[in-house]
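Trainee: mind looking at a prediction? Sequence and model below.
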Amino acid sequence: MGDRLTIADICLMPTIDRMADLSLQSMWEEVHPNVTGWYDSFAACDAFSRTYYRGTRLTGILNSAG
């Protein structure tokens, strides 16, 4: 992620967030370690917390369903 969000960042974030939610970070941590920094930078944005608020992650939904 550069100084500004791009359409590519916005399009890729839901996929990376879902993978992280499902604990699949190992798929990129060794081969593409910059993805973690990109994800962390994006997660620090105000828009991220307004989009991915508590209860919107798949694991939270499945865990609460019992």
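Mentor: Thanks, I have the structure now.
Trainee: ok, Gly60 - contacts?
Mentor: Arg54 (C-beta atoms under 8 Å, 6 or more residues apart in numbering). For every residue, glycine as well, the C-beta is placed using N, CA and C.
Trainee: repeat that for Gln25.
Mentor: Here Gln25 is in contact with 19, 36 (C-beta under 8 Å, 6+ apart).
Trainee: so where's the chain uncertain?
Mentor: For the chain, residues meeting the criterion pLDDT under 70 lie at 1-2, 64-66.
Trainee: helix or strand for Asp9, which one?
Mentor: helix 7-21 (DSSP states H and E).
Trainee: which strands and helices sit next to that helix?
Mentor: Using 3 or more C-beta pairs under 8 Å, 6 or more residues apart in numbering; DSSP states H and E, the elements in contact with helix 7-21 are helix 34-43, helix 58-65.
Trainee: nearest residue to the middle of this structure?
Mentor: By C-alpha atoms, centre = their mean, the mean C-alpha position of the chain lies nearest to Asp17, the distance being 2.4 Å.
Trainee: wait, that residue sits on Tyr52?
Mentor: Yes: applying C-beta atoms under 8 Å, one finds Asp17 in contact with Tyr52, separated by 6.1 Å.
Trainee: what count of nearby residues applies to Asp21?
Mentor: 15 (other C-beta atoms under 10 Å).
Trainee: can you pull the contacts of it?
Mentor: Neighbours of Asp21 in contact, by C-beta under 8 Å, 6+ apart: 57-59.
Trainee: who wins for neighbours among those residues?
Mentor: Arg57 leads the contacts of Asp21 on contacts (other C-beta under 10 Å) with 16 neighbours.
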